[in-house]
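Chemist: A predicted structure for the sequence below; I have some questions about it.
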Amino acid sequence: MGNLAVQENSPKELKSETIRRAVSQASAEQFEKAMNAPQPEPRPPHQVEVFIHDSRLKSYGSQFGHVSIAVGNQLYSMSHSGLYQTNVNDFIKRQQNFRDTIGFVLNTTPAQAKAISEKMLEFDGTTYDLLTNSCTTTVTSALEAAGIQATDPRFLSWSATPTDLLTALQHSPHVMKLNEYQEHDEQ
């Protein structure tokens, strides 16, 4: 009779192998799901959407919420590290991992969209300041550069919070659509 090689594994090794297989299978399923997921349509180049993100207690400044703006597929967001620019759909997906967002799609002309982009780019290289150069004040400045009222004229216009901008947009004749981007449930 021939000798059969028998490999004996300890319970710890079996558990590790089982976990590796499960993770590998889950990763493959997640990859396939992501590859087959419908891709968002590109946005028209002059479409402007203002995002009001829910507050977070975890990080300085975000206790009040966050504001960003997209012109076409380009998103602009002022943060402590400066002006952040990225693809709008990628940014929203990341935000949905930890907070809800409301998007206000504005009725703008190509000239207004260009004015908003140009104004946001003026903030590149500037230093963040919670009162005068924040996520909200940069977006309100950009909107107002395009002739869109973004602050309540009864109050200070040099400083604004996400809630101030939310209130102004809720009364704006420029808003043509509201989008809700809900936080993904943890799995």
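Modeler: That came through fine.
Chemist: Can you get me a residue count around S172?
Modeler: Applying other C-beta atoms under 10 Å, we find 18 residues neighbouring S172. Just so you know, the C-beta spots here come from the backbone N, C-alpha and C atoms, and that holds for glycine as well.
Chemist: Which helix or which strand is home to it?
Modeler: Assigned by DSSP states H and E, S172 belongs to no helix or strand.
Chemist: I'd like to know how many residues surround D129.
Modeler: Neighbour count of D129, defined by other C-beta under 10 Å: 11.
Chemist: Point out where the chain drops to low pLDDT.
Modeler: 1-40, 56-64, 155-159, 185-187 (pLDDT under 70).
Chemist: any idea which helix or strand carries T136?
Modeler: Using DSSP H and E, the element containing T136 is helix 135-145.
Chemist: List the buried residues for that helix?
Modeler: Residues of helix 135-145 classed as buried by neighbour count (16 or more other C-beta atoms under 10 Å): C135, T136, T137, T138, V139, T140, S141, A142, L143, E144, A145.
Chemist: same check, this time on stretch 120-135
Modeler: M120, F123, Y128, N133, S134, C135.
Chemist: Format those residues as CSV; extra columns: distance to P45.
Modeler: Converted to CSV, those look like this (distance: C-beta to C-beta, whole Å):
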residue, distance to P45
M120, 15
F123, 21
Y128, 28
N133, 27
S134, 27
C135, 23
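Chemist: tell me which of those is nearest to N107?
Modeler: Proximity of those to N107 (C-beta to C-beta) peaks at M120, which lies at 18.9 Å.
Chemist: Could you double-check that the closest one lies in contact with T138?
Modeler: Yes: with contact defined as C-beta atoms under 8 Å, M120 reaches T138; the gap is 6.5 Å.
Chemist: For I52, name its beta-bridge partners.
Modeler: V67, I102 (DSSP bridges).
Chemist: Contact partners for it?
Modeler: Shown in contact with I52 (C-beta atoms under 8 Å, 6 or more residues apart in numbering): G65, H66, V67, T101, I102, F104, P162, L165, L166, L169.
Chemist: If any of the residues you listed are buried, give me the PyMOL selection for them.
Modeler: Only the buried entries of the contacts of I52 go into this PyMOL selection, using 16+ other C-beta under 10 Å:
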select buried, resi 65+66+67+101+102+104+162+165+166+169
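Chemist: Using CSV, please lay out the contacts of I52 together with distance to E183.
Modeler: CSV is the format used below for these (distance: C-beta to C-beta, whole Å):
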residue, distance to E183
G65, 13
H66, 13
V67, 17
T101, 8
I102, 12
F104, 18
P162, 16
L165, 20
L166, 17
L169, 21
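Chemist: Overlap of the contact sets of M120 and T138?
Modeler: With contacts taken as C-beta under 8 Å, 6+ apart, M120 and T138 have Y76, L83 as neighbours in common.
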